[in-house]
Each structure stands twice: as C-alpha cells, then as structure tokens.
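Q: Any chance you can model this:
(2 chains)
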Amino acid sequence: MSYVHLKNVTKRFGDVVAVNNLTMEIEKGECFSMLGPSGCGKTTTLRMIAGFEDLDEGEIAVGERVFSSSAKRYYLPPEKRDFGMVFQAFAVWPHLNVFDNVAFPLQIRNLSRADIAERAKLALRHTGLDKYERSYPNELSSGQKQRIALARAIAINPTVMLLDEPLSNLDPKLREEMRFEIKDLQRKFGFTIIFVTHDQSEAMALSDRILVMRDGVVQQVDSPINIYTKPANRFIFSFIGLSNFLPVVFRNGSAFIEGAEDAGPIAGTIPADRGNDRMLLACRPSEIDLQKDGGVRALVKRKVYLGDIIDYRVMVGDTEVRVQKSRRSPSFSEGESCCLRFSQMHWYPHEDS
Amino acid sequence: MIGRLLKRLSIAEVLLALSVLVLVVVVAVPVFLIFWTALFVDGSMNIDDIVKILSEPDTYEALKNSIVIAAGVTVCSTILGVFFAWLVSRTDLPFKNTMKLLFLVPFMLPSFIGALAWKMLLSPYSGYINKFLMNTFDLADPPFDIFTLWGIIAVETMYLFPFVFIQVSGALERMDPTLEESARISGAGLLTITRRITLPLMLPSIGAGALLVALYSLAHFGVPAILGNEVGIYIIPTKIYEKLHQSAGSFTAIRTGTILASILVISAGLILWAQSAILKSGRFQVIAGKSMRPMLLKLRGLKYPLLLVSVIYLAVTVLLPTATIFLVGGLKTYGLELTMENMTLDNLKYILFEWQMTKDSIWNSFYLSLAAAFVTMLVGTLISYVIVKMKIRGKFILEFLGVLPFSVPGTVIALGVILTWSGKFGINIYNTAWIIFVAYIARYMAFSLKSNSAALEQVHDSLEEAARACGATHWQALKDIVIPLIKPGMVAAFFLIFLPALRELTTSVLLYGPTTRTIGVAIYTLNEDGETVYAATLASVALVIIVIGHFLIKRVTRTSNEGV
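A: Residues are numbered from 1 along each chain as shown, chains lettered A, B, ... in the order given. Next comes the predicted model:
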C-alpha cells in the first residue's frame, strides 16, 4: 500500500516545464531517491512535496490526506505537513545553540518543557551530538552541522523525511559515513525517506528504489541493481557509471564495430531487432575482457594505474574503447595487440537513425 | 648620494614610505594636534581645565543635545529602515523594484538642503504649511515648530534612514532562504519565523546600519545648524563652528573646539569598533549555498494601503522639499504666495551670471571636488595596495593609520587642518582653497581606501605572481595586470568622492575664506544672512547638478563594469 502519492504533477517556471506530468508512488518506510543531473526537476519535485512550491497541474497526497491539489486549489502550507527536512546548505540557525536548534520544532508544537528536553536529547543522542548541546553551529564542523539538521528533522518523529542533497556539502569520507547513519536512523525511527541527489553512488547505497529524471520527465523507476544492469535508455546508461558507446554494423548475421570490420565479429547474442542494420553497443569498461586471442582484435594505446584498477584505452580501428581491469588480471602493455570480449551488452538505436 | 639610497631601496619600501608619509601628513598630524591641544596647555597636561570647559553650560548643553539627537535619529531611522527593507524584500508589495530604488533617493538629496526646505515649510509663523493650516482652521498658534530637537531629529531621519535600509535589504536578499524554509518545515508560521529566525539573524545588519546612522548624525553639521542655531540649539559640530566664528580664532575658542572634537573622534572610534565587532562574530553568518527565491508574505488586503503609505512617505520627504526649494528659488521676494505671477527667472540669472560670490562658489566646488577626488583616488590605490597585497615589515603602522580616516568626522578634520596648516609648521594656507583641498583628501580617504581595497582583494595574488613568473618586473606586473583589473574600483572611488565633495558643507564651512566658498557654504551663508530666496535658487542649481552627476555616474560605472 503506497503512502506518498504524486499524480500527474506538472510545474512550470515561465516557459520552462520543470516537472512534466510526473506520477509516482512511494511506500511507507521506503527509501526512495530522485536522481538526475542538475536542473532535471528533482529538487522542484521535492519542494512541491514539502509545500514550498505550488502545482500547475496534478495532486500530491500523503496517506489518505490530500496535501496539494491544483484542481481543488488547495495547498497545505509547509508548516502544517509535519515533515522532517534536511537541506544541502545545512540551514542550521547560527544564532541558536545546538539544543535550541533541535528543540525549535518541538517548541512550535507547544509541548511541555520536560517533553521538549526529553525528545530533543533523544534526537541529539541518536545523532551523536549529546556532547555539543550548548555549542553554537559556528564552533562545529560541517559534518556536525549536518547532524544538527538531521537531529532537528527527527525530533518531531516525522513519518516522512525529505532530504535535499544533504551530503553534497560534505567531504567524500564524511559523506560515506553519513550515508550509514541516515540508514541507521531510518531503521530506528521507521520514517519514509525521499532523497534528492545528483550522485549515483549515493542513490545506489541508500535507496530501495531510484527514480531517474531528465528535463522534468521520468526515465525509469526501479531498484538500484536494475537501474545499473537494466537501464531503460541510453541516457540512464551513461548517467550511471562509466560507459562506452560503440557504433556497430551488421553483416551476414554478425555484428562488427563500424569501420573496423576486419577486426572480426563481436561474439555473443545479437538483438533480433537490428534497426537499419546499424546500432549502438553500450558496455561498461569493467565488463569487457582483455584476452590474448578470441574476440575483436585491438591495440592497447594507453595504460594507466588507478590503484586497484588498471585503466586501458584500446583502439579498434579508429574507435577508442575504455576497459578497466583488476590489477590482478593478466596485464597488457602499451602498443601490444589484444582481443576484446564483451560480457554485458546493451543495444540502443544508432544516433543517425 | 640620494641616487644610491634610492637604488638600495626596493620599490616596496618606497611605496610603503610614501603611503605612510601621506597618511601621516594628511590625517595623523591633524588628529594628533587636536588631542595635543585639548590635553596640554603650555606643555603640561591639564585635565582640570578640560572638566571645567565641559561643565560650562553651553558646552554641556551641546554634548547633551548631541546625544539626544543621535539617539533619536538612530532609533527612528532604524525603525523606518527595517520596516521598508522588510516591505520591499519579504512581502509581495506591488512595484517592489521601483520602490526599492525610490527609497534610495533621499540619499541623493543633501540633507542641509532638505533642512532648508523644511524650514520654509514648517517654521512657526512664516512656514507655508503652518500658515496654510492657521488660515484654514483659524488657529491662533502655529501647529508645527521645526526649530526644536524633534524637528532636527525628524529631518535627519528622513535623509539618513537609507543607511539602515541598504544594510538590511541587502542582508535579507543575501540570506540563505533555507534558513527560513527549515523553520517553516519545522512547523513555524511566518510571524514566528520573522520573530524568532529572521529578525535575530538580521540583528548584525540592523546594528551596523544603526551605528552608521549614529556616526553620521553625531558628526553632522548642516541640519542642526540650519534648524538649531537660530534658536540656540547646538550640538558638538555646530558648537565648534560657533566658537570659532565668534572669537575669530582665539586660543580658548580653539581649545574648546579641540576638546569637543576629541570627544567626537573617540565616540566615532568606539562606534566603528562596535560595528566591526558585531559584523565579525561568525555566529551570524547567514550567507550560504544555492539561492532560491525567498518566501514572500502575502499582504492581501494591506497590499495597496501599504504601497500608498510608502508613496506618501516618499512624496512628503523627497518631492515636497524638492518642489519647495525650486518654487521658493523662483520667487520675486521671500514670503510671497507661491503663485505663477510671483515667479521669476531673474534670481537664477543673477546667481549664475552676475553675482561673483555665487559664481565663485559653483566653480570652487567643481574644481576642488575634481582635484580632491582624483588625488585621493590615486593615493588611496597606493595605500590599499600596500595594505592588501604587500608583505613587508612595518605594514602594521600603515594598517593602523589606514583605519584612522574612517573615524575622523568632518568637523574634526577641519579643525585639525586649521591647527596644522596655519603657519605652525611654516606653511600657512589658511583662507585659501588649498586648505579645503587638503581637508577633502583627509575626509574622503576612507572612501577611497574602502573601494580600492575591496577591488584589490578580488585580485588573487596568483595573478600577479603569474605575471612575475612570466618575466615581468614588479612594476610591469602592477601596470599590466593589477591596475587594469582594479580599474572599476578606482573609478568607483573617484565618484564616491567627487559627488559628496560637490555638496560638502560640514568641513568647508569651517575653512572658507572670502573667495573660497563652496556651493554648500554659499547656500548656508545666504540662508544665515536672511537671503532665503537666493539660498533656495542656489540650492536648486545644486540639486540639478547632483542629479545630473548621479545620472552620469550610473552610465560611466555601467560601461566600465562591462569592460571587465
């Protein structure tokens, strides 16, 4: 039974359609992320759910209750929605100390002093801030500031938590740490997370399901593994992880890299629908094997050590292919010839056709 | 020998020495002499005498009035400034952007011209508004009296509140909107957010603006002189003026002046120190992250009433006084009805082409402002460069001296240059235009330093270092890289000095000689001599010049900014 519903939501800013006819259903207790390049409409969608933006078309409901509806011209203001929200720039109030920051939403709800103290302290304990109750935000690190924002959001024990790129302002190490903490908090408190990010690994690590957006239009909604292994289109394939796109022609039931037919055919299953006998083969650098023989013949042009991984650029005719192999697999040197074997192939229509 | 010495000095040391020299001669010596004269009589410290002078009824009264007026103006300007700033940046007031520009117009109007206009409108028996009200409602007594402490406070507030307005509306716009949004998602309504989040976060900006108002009204000469001197209300700057004028430069008068001036310098220093302390505390850092549109309070039914209030406020404080100046300036004689038959252009012809005194004053103001703006801009660039960019020993002296111009009010500078340049050190330029020129450099050095250092801080050190690495000498790097990059800052500095200098009164009123009146001084003395109509005519000429000046600057700074 889904909990947060968006039905045919459209939002325009002047002539620009920021979000185009978006429908999505989010389960209770789910961690749902919206992923996409900047300007794709994901933040606008989150702000519509929060109530900071109104809708040009469509409806947003949580549980049985309608929160925004363009048809009924009804908008529940953000302060009445009882959400928790964490912003990219932390948005902790510099004039209040850590305790008062976290206690603010509780004070607004006119709880008793004892209740406020108890619940604020609980939130602080869960975010590891109990030592800093009396500190001011400017005395703390950016990771601690983001913890204040998290504590403030969980203090009211919300059913839905909105996260607007909450990790982007942190350094990479801290970012990974905070991912786990957010996940832990969700397990303890059981809230639903709606998470906006442009970082695919963040979305992968945190989410039960990912929605990929581009130019205000939904591209795919799926589990992280399916988004990675079964991308619905070329855009998603290139947005998630590293990618090669190789133009391919079909001759006599075999596939060849365009302009390098004498390098030999590509082994493996060839799609039934071959368009105009020309297609694009998409594959990840890590899903290509480098071998002594057996496969498409190529030449190693450049070889770079990236620590655990070796990054090769190999040439098939005039086409460059990127291959990444583990340090432990057999190594080739620059100028050496080799053979390519594609283990995971995705086929997309050729750009020209 | 000198040649060899010069060769041994690096360009850095020469620049440092030059900057220190200018600041010492132009600013430090005058201020030092004021403190020295105030504290020492015949070479020995004399505190008793200072206490005695301060407890004399008239000096004591002036001190008290200064505090009352500064406090009153500060409170009123803060309330008005914060309210209007909030109105244009946090509500859905119609024509917001236009209104925002209009609220800055009072800045353009010289406040002593405003005071002159209000005197014509609200002086007890001859003011036009008073006369009109008395006739219409058959009143025996005039309802308003502008020659009071309250009158002075009201008029100064009208022209000083933009200080608060600019600070607060700027801060509201730069503030990270998610600070308010996160309060909203926490469950707080707009009123709670304003009270508990927005206002507290704005406190440093409000405080900074308020302190600026306090500083100006404490040091301001024009309004209290025009509205207070006639009825014996004096504040520190006008008291210094009165002492100096009455006694024709006697030592006791100068000494009283220096004691009062010392008090001004110290309070100005304290105010500026408080201001930087407020602004420095990181607890109020509110600028961050990506900017979204801030949420706006829907005024609903109050939308047009509040617009009307703002428009009426601007009409009363800007349009009405300006119109009064132009109308009275065209009258055949002061006191006539403001009707078409009583108007003439002869006044204008007389002051522009016939009367030597007014002709001189316009010319004096022009060339003094131009020269002072040009020299101060160049010297300020040099000093800022040493302060911001150079790493050499002895820089701290310059940093200390560089702060000095900010805290020295115009009256104090005038008194200081009198002490320094009337023969004490072998140079006597008293009663010449030179003394005003020197005083202007000291007075406006702060503007130049501010604008130039801001520009220089934008130029990253590596840009100059890259030029050096490419083989340029220090001088070539300066000429080809740094100066072209800070040119907009220099142009801004020039105009920041030229325009206020054009309408200057506070300093030049203490320094003018028979042929060296500036426009401000000429308007002031004409008014003092009872030539109200000519004062108004000259004031209208001044207003036209100022408006044209502002218009030109807008165009020049726009094109020079596009160049970068």
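Q: how close does B:W36 get to chain A?
A: Distance, B:W36 to chain A, using C-beta to the nearest C-beta, to the nearest Å: 43 Å. All C-beta atoms are positioned from the backbone trio N, CA, C, and that covers glycine.
Q: give me the number of residues near that residue?
A: Burial of B:W36 is recorded as 13 neighbouring residues (other C-beta atoms under 10 Å in any protein chain shown).
Q: confidence score at it?
A: For B:W36, the pLDDT comes out at 85.
Q: Okay, buried residues for whichever strand or helix holds it please.
A: Element membership of B:W36 [criterion: DSSP states H and E] is helix B:29-39. With burial defined by 16 or more other C-beta atoms under 10 Å in any protein chain shown, the residues of helix B:29-39 counted as buried are B:29-31, B:33-35, B:37-39.
Q: and which of those is nearest to A:W93?
A: B:V31 (42.1 Å; C-beta to C-beta).
Q: ok, now which ones touch the closest one?
A: Going by C-beta atoms under 8 Å, 6 or more residues apart in numbering or on different chains, B:V31 touches B:265, B:404, B:408, B:412, B:416.
Q: Torsion angles phi and psi at the closest residue to B:M134 other than its chain neighbours?
A: Closest residue to B:M134 apart from its sequence neighbours, by C-beta to C-beta, 6 or more residues apart in numbering or on different chains: B:P142 at 6.1 Å. Main-chain dihedrals, B:P142, degrees, to the nearest 10: phi -70, psi 140.
Q: Compute the distance between B:P142 and A:R187, please.
A: As defined by C-beta to C-beta, to the nearest Å, B:P142 lies at a distance of 79 Å from A:R187.
Q: try B:E230
A: 80 Å.
Q: Between those two, which has more neighbouring residues?
A: Neighbours per residue, other C-beta under 10 Å: of B:E230 and A:R187, the larger number sits with B:E230, 13 against 8.
Q: Which one of the residues in the stretch 201-350 of chain A is closest to chain B?
A: A:G216 (17.1 Å; C-beta to the nearest C-beta).
Q: Chain B contacts on the stretch 51-200 of chain A?
A: A:52, A:77-85, A:87-95, A:104-105, A:108-109, A:136-138, A:149, A:152, A:156, A:162, A:169 (C-beta under 8 Å from any C-beta of the partner chain).
Q: Show me the shaky parts of the chain.
A: Since you didn't name a chain, this refers to chain A. Low-confidence segments of chain A (pLDDT under 70): A:1, A:275, A:352-353.
Q: could you do chain B instead?
A: Those would be B:1-10, B:248-249, B:281-295, B:558-564, if you go by pLDDT under 70 across chain B.
Q: Walk me through the domains of it.
A: Listed domain ranges for chain B are B:1-35+B:323-564, B:46-314 (source: automatic domain parsing).
Q: B:G530 belongs to a helix?
A: No: counting by DSSP: H, G, I helix; E, B strand; the rest coil, B:G530 is not found in a helix; it is coil.
Q: ok, now how distant is B:F495 from chain A?
A: According to C-beta to the nearest C-beta, B:F495 stands 35 Å off from chain A.
Q: Show me what the helix or strand hosting that residue is packed against.
A: Secondary structure from DSSP H and E places B:F495 in helix B:483-502. Here helix B:483-502 touches helix B:356-389, helix B:433-458, helix B:532-562, going by 3 or more C-beta pairs under 8 Å, 6 or more residues apart in numbering or on different chains; DSSP states H and E.
Q: Tell me the buried residues in it?
A: B:485-502.
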